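Asker: dropping a prediction and its sequence here:
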Amino acid sequence: MQNYKLHRLSDQPILKTSDVRPAVDGFKVLGAFNPATCLVDNEVVMLLRVAEAPKSEPGIISVPLLENRDGVPTLTVKHFPEPAHPYDPRVLTLDGKVYLTSLSHLRLARSTDGIHFTIDDKPFLFPARMDESFGIEDARITFLDGKYWITYTAVSEHGPGVGLAVTTDFTDVERVGMILPPPNKDVALFPQRINGKYYLLHRPMVSDIGKPSVWLAESPDGIHWGNHRFLFGGRGLTDPRYEWEGGKIGAGPEPLLTDEGWLVCYHGADPTHAYSLALALLDKDDPSVVLDRSHDPLLMPELPWEKEGFFPNVVFTNGWVRWPDGRIWVYYGAADSGVGLAELVRG
């Protein structure tokens, strides 16, 4: 992994929060970031995470969420006094109950050159189930068995789980449902079966025992998952050289098959919640075998728009594309406020 580099293709974001119109009347867009991407007939298709919140008065936090009204998940807004103490701008905790300050959905964008995107005004996937009542976040796209599988984090008061939707044309989409219950996220499906089985990477969220780590699971049908196995975790817990992945870790976009094995891009966060990107290599016939990993991050928050934003000091990828000529472009969210573009190169 030491012979790979990530080179930014622009010193400016290719998409900014200001490029996206709100989907809900009376709301404002707080962030447009962390896109899933795939290549469809030489066109880059992107599912952008768009976080929106109601416009509110000073001193008031207005929280959007779905509530069950006569059996129908219905978009509502709750209003709370702004806490006097410092707080995470993404999360509000009151009387032991946790809320998100924005509601995320997935927005479709397209580009013929991979740089200049046309963004739909309407959501592609908007929260519609009670297990999505706090939002839909951070999708991944995998083309498999003739259709595009979209995994995403479905968030509710019960925690983040993993939802699945499928489409053949990015016009009509079918929600399959939750395939991994809370607490879990960061699911990346392998783009082909291995020894007849489907595989995915996921990240169970732990509490008192253990730390965040990347796990492997397999399935006979892509819906029912088992044989869950620990794959790798953050090395910063035992070695200060790897402090950059000592806080959190999780898989990024779908693994790419290379001559050396399955190439996995993942994120690591240090104890200050600064996020970086790195690579791992898995055996092509047995992805439970880790062949190699980056010693140093390939990309860290360095530019002002990567260091400053709704949630600062973040570079986070859940989308990349491999062009027909072999180029690999990595799309990454920056500070929960925009999208950057880098190329993965060897040497």
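Answerer: The structure has been received and is ready for your questions.

Asker: got any ranges where the stretch 1-150 of the chain has weak pLDDT?
Answerer: Scanning the stretch 1-150 of the chain for pLDDT under 70 picks out nothing.

Asker: helices of the chain, start to end?
Answerer: 304-307 (DSSP state H).

Asker: quick one: residues contacting the most centrally placed residue in it.
Answerer: The centre of the chain sits closest to residue 138, judged by Cα atoms, centre = their mean, with a distance of 2.9 Å. Counting by Cβ atoms under 8 Å, 6 or more residues apart in numbering, residue 138 makes contact with 34, 36, 49, 152-153, 185-186, 316, 318. In this view, the C-beta of every residue, glycine as well, is placed from N, C-alpha and C.

Asker: these: which two are farthest apart?
Answerer: Farthest pair in the contacts of residue 138 (Cβ to Cβ) is 152 and 316. Separation: 14.4 Å.

Asker: who has more neighbours, the two?
Answerer: residue 152 (29 against 22; other Cβ atoms under 10 Å).

Asker: now the nearest residue to residue 39 once chain neighbours are set aside: how far from residue 344?
Answerer: In space, and not counting its chain neighbours, residue 39 is closest to residue 321: 4.7 Å by Cβ to Cβ, 6 or more residues apart in numbering. Remark: distance between residue 321 and residue 344 (Cβ to Cβ, to the nearest Å) = 11 Å.

Asker: identify the contacts common to the two.
Answerer: 328-329.

Asker: ok, residue 295 touching residue 3?
Answerer: No. With contact defined as Cβ atoms under 8 Å, residue 295 does not count as touching residue 3 (11.5 Å).

Asker: who has more neighbours out of the two?
Answerer: Neighbour count, other Cβ under 10 Å: between residue 295 and residue 3, residue 295 has more, with 11 against 7.

Asker: torsion angles phi and psi at the most far-flung residue of the chain relative to its centre?
Answerer: Within the chain, the residue lying farthest from the chain centre (Cα atoms, centre = their mean) is residue 70, at 32.2 Å. When quoted as degrees, to the nearest 10, the phi and psi of residue 70 stand at phi 60, psi 40.

Asker: list the contacts for residue 83?
Answerer: residue 92.

Asker: for it, grab phi and psi.
Answerer: Here is the backbone geometry of residue 83 (degrees, to the nearest 10): phi -60, psi 150.

Asker: follow-up on the earlier one: which ones among the contacts of residue 138 are found in strands?
Answerer: In strands, defined here by DSSP state E, the members of the contacts of residue 138 are 34, 36, 49, 152-153, 185-186, 316, 318.
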